Every structure is written in C-alpha cells, then in structure tokens.
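J.: Need the 3D shape of this:
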Amino acid sequence: MNEFEDNERDQMAKVYKHAFKRGNMIWVRGTQLGKYQRIATGKVHSIANMNWVEKNWEILIQKFIDEKNHLLLRETIPTLDEYTIQSFAQQEASRRFYITDMYKRQYRDFISPIFGSTKIDEIKVGDIKKWYGYLTKKINTHKYATNIRTVFSTILSDAIEDEYLDKNVVKSARFPKKDNFKNLGQEEVKPFSLDEVYTLIDNAEGQFKNLITYQFFTSTRPGEMIALTWKDIDFEKNLIYINKNRQSVPNPETGKNEIGPTKTGLHRSVTMLPIVKVALEEQHKITGKKKGFVFLTIHGEPYMDTDGLRKRQWAKLLKKCSIDDRTFYQTRHTFASIFLSKGEDLTWISKIMLGHTQIETTLRYYAKYIEQQGIVRGSFLTLRTNHVQVQKSEIFPS
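T.: Predicted coordinates for the structure are as follows:
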C-alpha cells in the first residue's frame, strides 16, 4: 500500500465510521447486540454508495445477522425422512408392532421417494395435490391410498405438536374420490367351479382334506383359518367365531408371526354349514384333544403362516387333480362366487361369511356372479294390479 492510499484511507476513516473500502468493493463494520461484525455489502465503491452504506449500516448488519440466524435455524429443521424416524418412535408404544411395520413399509414405498429429502416445512399443499395424483396411478384402491394418506398425515400432526409446522398440508389438500382409483393390480378373481372344489376335496388326504373343506365353505381369510382354536367352534349353535388373525408380518423382537386382530378389527360369527360341520368333527378327532389350534402342520405344530401349506400341500394337490395353479386365497373367492351364483342372500355372504364391512366391497369383486333366474320382479303387486283391472271393467263394461 503506497502513501497515497494510506492518506485516502485516513481521510475516509474520518468521514466514515462504518463504511470502508476493500479493493473496489464497500464493506461495513459495527457492533450489534454486543458483537462486532464486519461484512461485505456487495456494492461497488463510489462516494454515493459509501454514503448510503454509512447511513444504513445498522440495517445492513441486522439483515446479515437475521439471514445468518435463519440459515442456522434451517439447519435444525429435519427432512421428512429424518423426522419420520422420530414420529414412528413416538407412536411405537401405542401401536401393535405389525401396524408399525406396515406403516413403515407404506412410508418407504409411497412417501419417502417423493418427499423424503425435503425439509418438513417446505412441503406445500400443491405438492400434496400432485402426490395424490401419483397415488391414483400407483395404488390399487381408494381404501389403501387412504391408509397411506393417514400415515403421512399422522407424521405431520406429530410435527405440529413438536412445533416444526403450523398446519397439516396433507389434511388441507382435497383427497381424490373413489372413482379416481381404477382398482388395477388387484388379484384376479379366478374361482374354482363346484365340480373342481369337490374334486380337490376328494383327492386331498388326512387333515388337509378337512382344512380345504372348511376353507372352501366358510370363506374365512387364510390368516383367520390358521388362527382358529377349538374354543372358537360351537357345534351346538353351528357357529364359528372369527375373532383373530395370524399376522403376516413377523414381530421384529420374537421373529414370529403372532396372533392379532382380524383385518377389519371386527369379530363375526360364521355359519357352520353341514359340510363344514362334518369336516370339523373329523378334524376334532385329530387335534381336538390338544385343546389348541384347530389346524396343525404335519409336524403337529401351529401354522405360523400359509407359505408352507401353499407351496407343498396346496400346489401338489392342484397338480394331482390337473387343475390350473391358483393362489390359496382363491378358496375365499370361490365361496363368494359359487354362493352368489346360486342365489344365496348377499347380506349373509358379505357381512357374515366374508366379513366385509361394506356390501359395496363384495359387489366390487363379485357382482358378475350374482344370478337370480326365475324370479318374477314385482310379484307382490299382482293383487293390486288385478284389483285395478276389476274396477276398470266395472266402469267400462265391454
């Protein structure tokens, strides 16, 4: 630095206490809130700019402090992935392990890929609306999409309680109607014919014969079937009490598929049809004295899942009978399709036997199987119609 520059700096220091020149740019210095600050203003050196900076030095430094604090605050705001770990931990004590596991899988598959790396307070209502559109293309049913939405909404509600958010944008965005979901990707309903059912039963052996007879003519879910105990069987009233389900997700602590509530969380009393009663009476001779589960593996142990049953006994039986391979769940579809096609009561099939909470669910899957041939519609009006014809003949005699 030469003598001229030294003199220039000294002269400026007498005029400007806070603005100063560095290179060809203007900086500002001063003490705010007891802390000395020296920052670049971004302004090119000129007398006018020097005067402006000198006049507004407090505003410039305060703006710098506010921006710095904002950045520090932003660093404390978690991404959705980061906060979700905390949310699940908070909710874990109040949820069954398999519910937590299901929510984690739904979050991993449908929420995290879209929002996981986003700061939790940067997710806007418009983003959620776009995400809803994404769900209509990816999710099979409105109900399942609603479950995923609930997972997301619960996480954001926790974030509100933890004072990261002011509102729940998932609740603020309007959710698509049922008609927006095309029910794509659902398991195709491929029921067995009644002749095929009898062929399978006739060719099954041992307690597996009793098991598939029960399954074809009660329509319980496979998880409900393997959770069935003899306490649930009422031979006097001809009822089967469905009140639990073997969970498909293992408990992470025990590694076992534990007994939990039914899929809907509701209990129901299934009608024990005569063919089922005979099968259960035969089964009682095999496992009844053990006073535990109705159906046991070939090793005399409770079924932990239906994988082994499907891969070994079920697959072999289909092959033996030269019947096309189908999932074990088709036994449930078969009950519904056969009984509806034979004109059995829809409400009984839907609510009592299938355990659907809404008849609409039954109709969505099985409406094409409903046949009521030979029924004369409006037959109760015949008497009234004849009465009108009689009166008319009296008024207008031929």
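
J.: Low-confidence stretches in the stretch 151-300 of the chain?
T.: The stretch 151-300 of the chain contains residues with pLDDT under 70 at 182-187, 249-255, 291.

J.: mind checking the SS state of residue 299?
T.: Under the three-state scheme (DSSP: H, G, I helix; E, B strand; the rest coil), residue 299 adopts coil.

J.: any idea how far residue 211 is from the residue lying closest to residue 196 once chain neighbours are set aside?
T.: Nearest-residue entry for residue 196: residue 323, 5.8 Å, with adjacent residues in sequence omitted and distances by CB to CB, 6 or more residues apart in numbering. C-betas here are computed from N, CA, C, even on glycine. Residue 323 sits 17 Å away from residue 211, going by CB to CB, to the nearest Å.

J.: Look at the two and report which has more neighbours.
T.: residue 211 (23 against 15; other CB atoms under 10 Å).

J.: quick one: which helix or strand includes the more buried one?
T.: Per DSSP states H and E: residue 211 is located in helix 206-216.

J.: roughly how far out does the helix or strand just after that helix sit from the chain middle?
T.: Downstream of helix 206-216, the first helix or strand assigned by DSSP H and E is helix 222-226. Here helix 222-226 is found 21 Å from its chain centre; the criterion is CA atoms, centre = their mean, to the nearest Å.

J.: Skip ahead from helix 222-226 and say which helix or strand is next.
T.: Downstream of helix 222-226 (by DSSP H and E), the next one is strand 233-234.

J.: show me the contacts for the residue nearest to residue 196.
T.: Residue 323 is in contact with 192, 196, 199-200, counting by CB atoms under 8 Å, 6 or more residues apart in numbering.

J.: among those, which are in helices?
T.: Among the contacts of residue 323, the subset assigned to helices under DSSP state H consists of 196, 199-200.

J.: Which one (most neighbours) among these?
T.: Neighbour max across the ones in helices among the contacts of residue 323 (other CB under 10 Å) = residue 200, 22 neighbours.

J.: So that residue versus residue 326, what's the distance?
T.: From residue 200 to residue 326 the distance is 11 Å (CB to CB).

J.: can you map out the strands along the stretch 251-398 of the chain?
T.: 259-260, 268-271 (DSSP state E, counting those that start in this stretch).

J.: quick revisit: can you pull the residues that touch both of residue 200 and residue 326?
T.: 192, 318.

J.: nearest spatial neighbour of residue 213, skipping sequence neighbours?
T.: residue 279 (3.9 Å).

J.: That neighbour: neighbouring residues, count only.
T.: 24.

J.: ditto for residue 108
T.: Other residues close to residue 108 by other CB under 10 Å number 13.

J.: buried set for stretch 47-59?
T.: Buried residues in stretch 47-59, counted by 16 or more other CB atoms under 10 Å: 49-50, 52-54, 56-57.

J.: next one: stretch 220-228 to chain centre, how far?
T.: That offset, for stretch 220-228, works out to 21 Å (CA atoms, centre = their mean).

J.: Any buried residues in that stretch, and which?
T.: For stretch 220-228, by 16+ other CB under 10 Å, it's 220-228.

J.: Pull the residues that contact the longest strand along the chain.
T.: For the chain, the longest strand by residue count, based on DSSP state E, is strand 35-44. Contact with strand 35-44 is made by 22, 24-31, 49, 52-53, 60-61, 64-65, as judged by CB under 8 Å, 6+ apart.

J.: For ChimeraX, what selects the buried ones among the residues you listed?
T.: Buried residues among the contacts of strand 35-44 (16+ other CB under 10 Å), as a ChimeraX selection:
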select :26,27,28,30,49,52,53,60,61,64
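
J.: Walk me through the domains of the chain.
T.: 3-76, 80-180, 194-369 (automatic domain parsing).

J.: who's in contact with residue 269?
T.: Contacts of residue 269 by CB under 8 Å, 6+ apart are 239-242, 352.

J.: beta partners of it?
T.: residue 241 (DSSP bridges).

J.: where's it relative to residue 71, distance?
T.: Taking CB to CB, one finds residue 269 at 63 Å from residue 71.

J.: Likewise for residue 22?
T.: Distance from residue 22 to residue 71, by CB to CB: 23 Å.

J.: name the element residue 134 belongs to?
T.: Assigned by DSSP H and E, residue 134 falls in helix 125-138.

J.: on contacts alone, who are the packing partners of that helix?
T.: If contacts are counted by 3 or more CB pairs under 8 Å, 6 or more residues apart in numbering; DSSP states H and E, helix 125-138 sits against helix 112-115, helix 142-161, helix 169-172.

J.: Mind giving me the packing neighbours of the helix or strand hosting residue 71?
T.: For residue 71, the host element (DSSP H and E) is helix 57-76. Applying 3+ CB pairs under 8 Å, 6+ apart, we find helix 57-76 packed against strand 25-32, strand 35-44.
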